[in-house]
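Participant: Give the three-dimensional model of this entry:
(6 chains)
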Number of protein chains: 6
Amino acid sequence: MRPSGRKTDQMRKVSFERRISKHAEGSCLVKFGDTHVLCTASLEDKTPPWLRNSGKGWVTAEYGMLPRATGERMKREAASGKQSGRTQEIQRLIGRSLRSVVDLQALGERQISLDCDVLQADGGTRTAAITGAWLALRDCLAWMESRNMIKLEKVLKDHVAAISCGIFAGQTVIDLDYLEDSTAETDANFVMTGTGGIVEIQGTAEGAPFTEEQFSALMGLAKAGIGELVTLQKAALAG
Amino acid sequence: MRPSGRKTDQMRKVSFERRISKHAEGSCLVKFGDTHVLCTASLEDKTPPWLRNSGKGWVTAEYGMLPRATGERMKREAASGKQSGRTQEIQRLIGRSLRSVVDLQALGERQISLDCDVLQADGGTRTAAITGAWLALRDCLAWMESRNMIKLEKVLKDHVAAISCGIFAGQTVIDLDYLEDSTAETDANFVMTGTGGIVEIQGTAEGAPFTEEQFSALMGLAKAGIGELVTLQKAALAG
Amino acid sequence: MRPSGRKTDQMRKVSFERRISKHAEGSCLVKFGDTHVLCTASLEDKTPPWLRNSGKGWVTAEYGMLPRATGERMKREAASGKQSGRTQEIQRLIGRSLRSVVDLQALGERQISLDCDVLQADGGTRTAAITGAWLALRDCLAWMESRNMIKLEKVLKDHVAAISCGIFAGQTVIDLDYLEDSTAETDANFVMTGTGGIVEIQGTAEGAPFTEEQFSALMGLAKAGIGELVTLQKAALAG
Amino acid sequence: MRPSGRKTDQMRKVSFERRISKHAEGSCLVKFGDTHVLCTASLEDKTPPWLRNSGKGWVTAEYGMLPRATGERMKREAASGKQSGRTQEIQRLIGRSLRSVVDLQALGERQISLDCDVLQADGGTRTAAITGAWLALRDCLAWMESRNMIKLEKVLKDHVAAISCGIFAGQTVIDLDYLEDSTAETDANFVMTGTGGIVEIQGTAEGAPFTEEQFSALMGLAKAGIGELVTLQKAALAG
Amino acid sequence: MRPSGRKTDQMRKVSFERRISKHAEGSCLVKFGDTHVLCTASLEDKTPPWLRNSGKGWVTAEYGMLPRATGERMKREAASGKQSGRTQEIQRLIGRSLRSVVDLQALGERQISLDCDVLQADGGTRTAAITGAWLALRDCLAWMESRNMIKLEKVLKDHVAAISCGIFAGQTVIDLDYLEDSTAETDANFVMTGTGGIVEIQGTAEGAPFTEEQFSALMGLAKAGIGELVTLQKAALAG
Amino acid sequence: MRPSGRKTDQMRKVSFERRISKHAEGSCLVKFGDTHVLCTASLEDKTPPWLRNSGKGWVTAEYGMLPRATGERMKREAASGKQSGRTQEIQRLIGRSLRSVVDLQALGERQISLDCDVLQADGGTRTAAITGAWLALRDCLAWMESRNMIKLEKVLKDHVAAISCGIFAGQTVIDLDYLEDSTAETDANFVMTGTGGIVEIQGTAEGAPFTEEQFSALMGLAKAGIGELVTLQKAALAG
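Facilitator: Here you go, the predicted model:
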């Protein structure tokens, strides 16, 4: 029995609120239950040094948590003077995930920066961030297309969405909330495209090692869940 | 004529959304027009070193802006490794303003940390932050009272609210938005209590120096505006 | 009764020692009683990035305290790896105050950096710094005029000086020393020009809020005191 | 055809040199071909704050590269003042991997710090580090057993080893060297125990997304390779 | 011929102004010609962690330069966020030099911090700092003796003073000013006690290596110069 | 009697292993007994800003210690976010020592960076680093000569080697190991060229001051020892 009463293959209620920011070229407030992440996409007229004069652009991400997004107030990273290893690991993951569906050549020599700021956390912030950031990125590219800067369909090759799965109380479950996440035996994050390609897999035994069979079961849950998320992304675009 | 069409003594639409955070002991999303600040109050069982064993508590504040709260994306302070002088100046102001209406002895040896994070900026973020943080602080104290930790009315002596005034296009105006703020000749921030006491005055000539008469006019606008804000705070508590 | 025996409207003995530095283009050791600040003005052939190719120059300030300028030795900011919020707040104030009387266009694309280093502190370091830095700046501009780089009277539009006032033991007093400052109920800093224009007002209730009448009294003291300081600056230039 | 001429399922020559350090309680110089990592285990009489008085110990890891371990000299992290996101990600992985086979309760309130310093890099530094650090950890525990501090077999539950696999030129291959790694379409790292349990899986599409079948093939290669590494660890202990 | 017209064995005019600081337990403004260093000694009721409960005290030093102490304005170390290697090297030297004549056991578990801040630089700042800091330290110890905390003569075993010598334009000269220092072929700093014991020698070939004979000549100059400095220290104490 | 049983004028066994790095243009693993330092020379196509367009090149050095190079594990400098004063002092010394025998004009506008990383420490790491770095530098220059970039004999004017001497248990001894170094009364480092020129002398009284006679004895030991080291460098080149 899951603490939330959800079935093992049942995700939390997911919602997307697009165009939440007055300033950003693309933005989305994504909610996976009580996990709320504000994603903005900023178009910038610069690229990293190693891409200068290559004709290629870049998509990057930064991740942050408000100090009281969590049950206990955490130290503000700006005040402590550095980003934690966890923060850096997550923002690298978000950036890689989004780049996997972008044609950087078709984007041209520009950078799009995705800022994913967790307003409230209840487990699964990185997977919510990736899933919401895709919508912010897409709306930023649509904004660019409307100004004849790019062709959206050439730059954005597919959807990307992400979900966590894990082994909790001996059962494989999807979309762990904080209560589950903090005691799960195994925790895995999956990032996949709209056509089912795998972009990133991260599986970690928190307690005992896991078996190949268990891992397959987690991947099965993830495939179904990411399919649902992509359907919801499409509904958000249509809405 | 103001860019927004407002009258010189007309503030933007102000709203308060209390209990916006699942985790914080007190919280408030405050909006002054398009300026949106999320304020949370966190009760912590520690005090600064200089208050150890004094029987007195502390109220402090931290301030941040999401990178794309503004028209141009700003560098994330956590990534650049330090808080700007402006950030530190603002968070010191918020902390001082709130402490001016708190009886630290009656609070006891505990700290309340106010986090004021600007989700979207359009001028006047520090005054919105002070005004919203007062509600978060008050709800945190109510939470403590409901657990018999303190007497709310003994700890919180009065309301506090803040507003900016300035000289724009030769006229004294209240509650400047970004367009006005960036070209104002004089910019002043006022923090006052519910009973009209002055807690903080900061007036700066951005261009030519100003006169004592102009400053009196600004203070007159501020007194009226802060009166309105206190009325709105009371309505939010009643609502 | 003030601890120093001064009358409520009596400033400490103020002195200026110009050309105290062998190297700087302008310099002044300013003393407000036991508060001693060494101010140097350095002409630099660069401007901040946002002014490049604008034809305009810049005036900026940095502030520091020697570790044992105070009663208790303070940690050296260079050793602790960052400037405190207080330091940054003060150096921003000094820079704004001086820029208010400089025609940056007439200065041309150059920067003048004012370094205000407190050798000994006894309250009022920021107001002494502003008042002394004006002389260092003026002598730097005179140095430039003597090399036909600028016209001094075109660049420097007026005097600037500053004084603190406060409510101590229930009375409004001018030029608080450390003993007064550390127990004052209200503390206010005023920056004004030689012609009486107001450049900056900062008033803070340290304990109970203050009234508009009290604030007017503080401003009255400040106007008189700054008038005296400007007279002393003129005497220092004549001497 | 692989650049090195190896078969798709052929690892590089692997060697372990134990007791390479005069000072450390356990140490091992591990080589995967031209990738050389010096691993030391240091017993420390302290634990992280969150374990104080819990009776449990801790195993942690730090990772570094000498500046010229690579083809181009890299900036020294100590000189640039911070560890990169990549460094932090790797050292967190090493620590988690080793803790998965340690009974922290049986270790008692002590910390073992594994330092993994890359003397020379040619791809696969993190997997070599995990595999070699296990030997350093084991010898540290043996050192402790010889002083009657612990029972080795109670603390260390199993072997741990790691290998990278990837899709290079359309083929699934094991133990990528730098030439392969830098152009691989997919890159995956596997950490497993001596009894075949999975501790960590990290798979990343560097170019096009990969399929579940491809991922299964990579896992199959990894299982065989890690089996070989465990055999070599045993031989090193016997030797 | 030296730029200053001095003879090869002629030091600059040296002066000491004791009790220059209102707050410090000991202080001295030392001038070696145009090199001016403000030295303060602060008694602190703490010791470094490694001396806790040892019954021994500590003497340490910090060194800084005002940004415009030099011909070109230098970046303020507090603003750049770290102390340069040169600064750290010098403050370690000052601390070692003073400790060489202090009986740390007789001092008891207290720390004396010497702050040496260069107000104006013209070569030889570290040697002036050591020579002046000795007087500040001595006066701090006298302050302590007057409060019956220590016996001055038990704690302070001897004088310490320092001088630079070098090879300039082919000649061995003493007490190099900036003009000489910046073009000297060899630069050496000597720290000696009042009884002629050697505490520290640092000799560096800036251009061609030097010979043992040249080094002996430098040491001869230094011995004479330090003898003079000790005489001047004694005169300052008597005066 | 020395702890190691060595005679007072007997150095530890010294060995050089050249071309230890697959990537670096020059490299050497130097051992002075149990002190092992890995030195790499990296050719870089850049120079410090102050040499731009001067036609001159630069030779610089960085120094580091692996955390468990020592008896007690030391904090990793990359993790603590800065290099200690000791580290900076040593790397400045290594750089100066090598530059003393290099014709920077003949090198041309390029930089050679020497990285000296202590794998295992037992006293004398800085002198071993200088002596080994000279070989790495020499092999880097030979690599350049073989590509017709420079003439080796024009750029490299002489050998450089270094040794520590000290007063231990009342006797002057050469090449102190850790046991001796940590209790020596006086510690001195000497850097000399192949032709006997002195490049750097650093002598420090750790306890009582030393005399000129004692210092002469130390220098005599050093001259003989450095002569031997140069002979060994030549043998390593011949080997």
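
Participant: so who does A:G132 touch?
Facilitator: A:16, A:28-30, A:37, A:39, A:116 (Cβ atoms under 8 Å, 6 or more residues apart in numbering or on different chains). Bear in mind the C-beta positions are built from the backbone N, C-alpha and C, glycine included.

Participant: and what of A:R73?
Facilitator: Residues in contact with A:R73 (Cβ under 8 Å, 6+ apart) are A:67, B:42, B:44, B:113, B:115.

Participant: In chain A, what residue spans correspond to strands?
Facilitator: Ranges of strands within chain A are A:14-18, A:26-32, A:35-44, A:58-65, A:111-120, A:160-168, A:171-174, A:186-193, A:198-205, based on DSSP state E.

Participant: any idea of the angle the second one forms with strand A:111-120?
Facilitator: Think strand A:26-32. 30 degrees (axes from the mean of the first three to the mean of the last three Cα atoms, to 10 degrees).

Participant: Apart from its chain neighbours, what residue comes closest to A:D181?
Facilitator: A:G123 (4.2 Å; Cβ to Cβ, 6 or more residues apart in numbering or on different chains).

Participant: quick one, phi/psi of the one you found?
Facilitator: The phi/psi pair for A:G123 (degrees, to the nearest 10) reads phi 90, psi 150.

Participant: Which strands or helices does the lowest-mean-pLDDT helix or strand in chain A pack on?
Facilitator: The helix or strand of chain A with the lowest confidence, counting by mean pLDDT, DSSP states H and E, is helix A:77-80 at a mean of 92. Contact here means 3 or more Cβ pairs under 8 Å, 6 or more residues apart in numbering or on different chains; DSSP states H and E; on that basis helix A:77-80 packs against helix B:77-80.

Participant: Go through stretch A:42-49 and flag the buried ones.
Facilitator: Residues A:42-43, A:47 are the ones in stretch A:42-49 that count as buried (16 or more other Cβ atoms under 10 Å in any protein chain shown).

Participant: hmm, that stretch touching chain F?
Facilitator: No: counting by Cβ under 8 Å from any Cβ of the partner chain, chain F is not contacted by stretch A:42-49; separation bottoms out at 13.8 Å.

Participant: wait, does that stretch make contact with chain B?
Facilitator: Yes: judged by Cβ under 8 Å from any Cβ, stretch A:42-49 comes into contact with chain B through A:42, A:44.

Participant: Could you pull up the mean pLDDT of that stretch?
Facilitator: For stretch A:42-49, the mean per-residue pLDDT is 91.

Participant: highest average neighbour count across the strands of chain A?
Facilitator: strand A:160-168 (a mean of 27; mean count of other Cβ atoms under 10 Å in any protein chain shown).

Participant: Quick one: residues contacting A:A69.
Facilitator: A:A69 is in contact with A:118-121, B:23, counting by Cβ under 8 Å, 6+ apart.

Participant: Just the closest of these to chain D, please.
Facilitator: Proximity of the contacts of A:A69 to chain D (Cβ to the nearest Cβ) peaks at A:V118, which lies at 17.9 Å.

Participant: Report the separation between the closest residue to that closest one other than its chain neighbours and A:G123.
Facilitator: Spatial nearest neighbour of A:V118, excluding adjacent residues (Cβ to Cβ, 6+ apart): A:M65 at 4.3 Å. Note on A:M65: its distance to A:G123, by Cβ to Cβ, to the nearest Å, is 13 Å.

Participant: Determine the residues that are contacts of both of these two.
Facilitator: With Cβ under 8 Å, 6+ apart, A:M65 and A:G123 have no common neighbours.

Participant: Quick one: name the residues of chain A near chain E.
Facilitator: Where proximity means Cβ under 8 Å from any Cβ, chain A presents no interface facing chain E.

Participant: quick revisit: ok, now which ones touch the residue nearest to A:V118?
Facilitator: A:74, A:87, A:117-118, A:121, A:125.

Participant: So for the closest residue to A:V102 other than its chain neighbours, what's the pLDDT?
Facilitator: Leaving aside its sequence neighbours, A:V102 sits nearest to A:V59 (Cβ to Cβ, 6+ apart; 5.3 Å). A:V59 is assigned 97 on the pLDDT scale.

Participant: Across the sheet, point out what pairs with A:V59.
Facilitator: Counting by DSSP bridges, A:V59 is bridged to A:I112.

Participant: distance of whichever residue of chain A sits closest to chain E from E:S216?
Facilitator: Residue nearest to chain E within chain A (Cβ to the nearest Cβ): A:G81, separated by 9.5 Å. Separation of A:G81 from E:S216 (Cβ to Cβ) stands at 50 Å.

Participant: So which of these two has more stuff around it?
Facilitator: For A:G81 versus E:S216, the count of surrounding residues by other Cβ atoms under 10 Å in any protein chain shown is larger for A:G81: 18 against 13.

Participant: Can the lengthiest helix in chain A be said to contact chain D?
Facilitator: Determined from DSSP state H, the single longest helix within chain A is helix A:212-238. Yes: contact of helix A:212-238 with chain D (Cβ under 8 Å from any Cβ) involves A:212, A:215, A:219.

Participant: Tell me how many other residues crowd the closest residue in space to A:G227 that isn't next to it in sequence.
Facilitator: Among residues not flanking A:G227 along the chain, A:G196 sits closest, at 7.8 Å (Cβ to Cβ, 6+ apart). A total of 14 residues lie near A:G196 under the criterion other Cβ under 10 Å.
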